[in-house]
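Chemist: Predicted coordinates and the sequence they were generated for:
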Amino acid sequence: MLLNAQAGDYTINVIDITGRVIETQTVKAKQANTYVSFTNKVLPAGSYVVEITSANSKSVKKLIVQ
C-alpha cells in the first residue's frame, strides 16, 4: 500500500466487514510517499476497510481481496 501523505506518524487499521480490527500497524513516514506492507498475515477473500489516522487527519479506504 502506498501511503501518500505528509511525513509523520500514522496508525493503519485493517477492519473486516463486521467491524473487527484484523491488523494494526504504526508507521513513521519519513517522506511524502511511503510504501507500507502487511506481510505477516494473509487476508481471506472479502471486503475490508483500511483506516489511516494521524495526529490531525483520518482517511478511510475500501480494500477488496479476491
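Modeler: Yep, it's here. Residues are numbered from 1 along each chain as shown.

Chemist: From now on I want contacts and neighbour counts done on CA atoms only, so please keep to that.
Modeler: Fine.

Chemist: List the backbone torsions phi and psi for the nearest residue to K30 once chain neighbours are set aside.
Modeler: Distances taken as C-alpha to C-alpha, 6 or more residues apart in numbering place A7 nearest to K30, at 4.9 Å, with adjacent residues excluded. Here the main-chain torsion angles of A7 (degrees, to the nearest 10) amount to phi -60, psi 140.

Chemist: so how far is T18 from A7?
Modeler: 31 Å (C-alpha to C-alpha, to the nearest Å).

Chemist: Counting neighbours, go ahead and name the busier of the two.
Modeler: A7 (15 against 7; other C-alpha atoms under 10 Å).

Chemist: wait, the more buried one sits on V27?
Modeler: No - assessed by C-alpha atoms under 8 Å, A7 is found out of contact with V27, at 10.0 Å.

Chemist: Tell me how far the residue nearest to K30 lies from G46.
Modeler: Distance, A7 to G46, by C-alpha to C-alpha: 31 Å.

Chemist: mind listing what's buried in stretch 43-63?
Modeler: Across stretch 43-63, burial judged by 16 or more other C-alpha atoms under 10 Å covers 43, 48-54.

Chemist: Okay, and which of those map to strands?
Modeler: Members of the buried residues of stretch 43-63 lying in strands (criterion: DSSP state E): 48-53.

Chemist: For the residue nearest to the spatial centre of the chain, list each beta-bridge partner.
Modeler: For the chain, the residue sitting closest to the mean C-alpha position, by C-alpha atoms, centre = their mean, is I12 at 3.7 Å. With DSSP bridges as the criterion, the beta-bridge partners of I12 are Q25, I52.

Chemist: helices and strands of this structure: which one bottoms out on pLDDT?
Modeler: Averaged element by element with mean pLDDT, DSSP states H and E, the chain has its least confident helix or strand at strand 2-4 (a mean of 53).

Chemist: Just the closest of the ones in strands among the buried residues of stretch 43-63 to V60, please.
Modeler: Using C-alpha to C-alpha, E51 is the member of these that lies nearest V60, at 4.5 Å.

Chemist: give the contact list for that closest one.
Modeler: Shown here is E51, whose contacts under the criterion C-alpha atoms under 8 Å, 6 or more residues apart in numbering are 11-15, 58-61.
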